[in-house]
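1. I'd like to go over a predicted model; first the sequence, then the structure.
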Amino acid sequence: MESVPWLPWVLAAGAFVAALSIYPYTATAIAYRGSDNGLAYILLVMGVGVWNAMFAAQLLDSDALVKGFFLSLSIVGASLAGLGWFLFAGTASSTTTVPRRRLTYGVASVLVGANIFLVITSPTHELYWRPLSETSATAAFAAVDPQYLYWIHTLFLVGLFGAGTLLFFDAWRAGISPRYARAYTLAGSATVLAVVGSNVAIPGGVSVAPLTAASLTTIGWIQANHGHPLTKYRPSVPFDRLSK
């Protein structure tokens with residue numbers, strides 16, 4: 001693969017901008033913190049922000065160990081984003097009720113916690129990946145030899161983002177808040193494809209998934225501001241009722 005020297009910087013710049021968006025998005029979520037959906041949106045925003053920031057941080061140092069450290073933190077952000085998206089979709093008034101939601105959400109949260117613990121301790125057991133010498137076109141990012149937990153993590157993210165996307169797709173098909181349900185469905189589907197495509201095609205630190213996931217928080221921000229995100233607003237109803 002021929003080197004494209006400007007591509008890593010373009011990806012990192014986009015991720016940095018996405019990470020900066022955490023402030024207005026979080027401010028919006030705090031305004032609607034009285035609802036479960038608002039709290040789920042905060043988790044989604046924080047996860048997407050960490051995912052993008054740590055993805056971009058890989059370019060701060062050429063040391064493979066440093067890149068691997070930031071890759072681990074980006075996976076932490078991805079896990080939180082996946083859980084936040086699933087909770088956000090599951091508590092939205094426009095989506096159908098998740099059966100036994102407390103048990104479902106509890107199990108998902110425990111699995112995310114276990115995933116975070118394992119990836120943070122990855123250097124001690126190397127069950128996620130083993131470092132490779134950086135000789136590829138994507139050497140600006142962590143280059144790894146993926147192990148079985150790396151693929152389990154990929155499937156786990158697909159499950160979380162896919163489940164949330166299916167909930168919104170069901171709402172779109174039922175004609176409930178079609179504008180936003182459709183937008184969430186398309187953005188969620190793009191995020192799932194980005195996770196699969198990036199993790200399979202180029203295992204390691206380079207990925208378009210963090211940037212794609214930022215579209216989910218952007219749609220939520222627009223929805224919370226009644227389609228006018230640049231104007232001053234006052235939330236009059238809970239965030240999870242805006243889609244009615």
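-> Perfect, I can see it now.

2. CA atoms for contacts and neighbours, from now on please.
-> Fine.

3. Show the contacting residues for the residue nearest in space to the middle of the chain.
-> By Cα atoms, centre = their mean, the chain has its centre lying nearest to Ala81, at 3.8 Å. Shown in contact with Ala81 (Cα atoms under 8 Å, 6 or more residues apart in numbering): Leu43, Leu44, Val45, Met46, Gly47, Val48, Trp51.

4. which of these tops the neighbour count?
-> Val48 (35 neighbours; other Cα atoms under 10 Å).

5. And the pLDDT for Val66?
-> As predicted, Val66 sits at a pLDDT of 86.

6. Run through the residues that contact the nearest residue to it once chain neighbours are set aside.
-> Excluding its sequence neighbours, the residue lying closest to Val66 (Cα to Cα, 6 or more residues apart in numbering) is Gln58, at 7.3 Å. Gln58 sits next to Val66, Lys67, Gly68, Phe70, Leu71, Ala140, Phe141, Ala142, Gly205 when contact means Cα under 8 Å, 6+ apart.

7. Repeat the analysis, applying 10 Å as the threshold.
-> When contacts are counted by Cα atoms under 10 Å, 6 or more residues apart in numbering, Gln58 touches 8, 12, 64, 66-71, 74, 140-142, 205-206.

8. What is the nearest of these to Gly220?
-> Ser74 (21.8 Å; Cα to Cα).

9. And the pLDDT for the closest one?
-> On pLDDT, Ser74 comes in at 92.

10. Kindly report the same for Ala139.
-> pLDDT for Ala139: 69.

11. how far is stretch 90-103 from where the chain is centred?
-> Remark: stretch 90-103 is offset 20 Å from the chain centroid, using Cα atoms, centre = their mean, to the nearest Å.

12. Show me which residues of that stretch are buried.
-> Buried residues in stretch 90-103, counting neighbours by 16 or more other Cα atoms under 10 Å, are found at Gly90, Thr91, Ala92, Ser93, Ser94, Thr95.

13. Save the contacts of Ala81 as a markdown table, and put in distance to Leu155 and secondary structure too.
-> Shown next, in a markdown table, are the contacts of Ala81 (distance: Cα to Cα, whole Å; DSSP: H, G, I helix; E, B strand; the rest coil):
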| residue | distance to Leu155 | secondary structure |
| --- | --- | --- |
| Leu43 | 20 | helix |
| Leu44 | 19 | helix |
| Val45 | 21 | helix |
| Met46 | 21 | helix |
| Gly47 | 18 | helix |
| Val48 | 18 | helix |
| Trp51 | 17 | helix |
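
14. Let me have those in TSV, extended by pLDDT and distance to Leu211.
-> Compiled in TSV, the contacts of Ala81 are given as follows (pLDDT from 0 to 100; distance: Cα to Cα, whole Å):
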residue	pLDDT	distance to Leu211
Leu43	91	17
Leu44	94	13
Val45	90	12
Met46	90	14
Gly47	94	12
Val48	93	8
Trp51	93	9
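
15. which among those gets closest to Ser215?
-> Val48 (9.6 Å).

16. Contact partners for the closest one?
-> 15, 18-19, 21-22, 42, 74, 76-82, 84-85, 209-217.

17. ok, it to Gly205 distance?
-> 15 Å (Cα to Cα, to the nearest Å).

18. same deal with Leu186?
-> To Gly205, Leu186 is 25 Å away according to Cα to Cα.

19. Same drill for these two, tell me which one is more crowded.
-> For Leu186 and Gly205, the more surrounded residue by other Cα under 10 Å is Gly205, and the numbers stand at 26 against 17.

20. can you map out the helices along this protein?
-> For the chain, helices defined by DSSP state H occupy the ranges 7-20, 22-31, 36-57, 64-91, 101-120, 122-125, 148-173, 178-201, 209-224.
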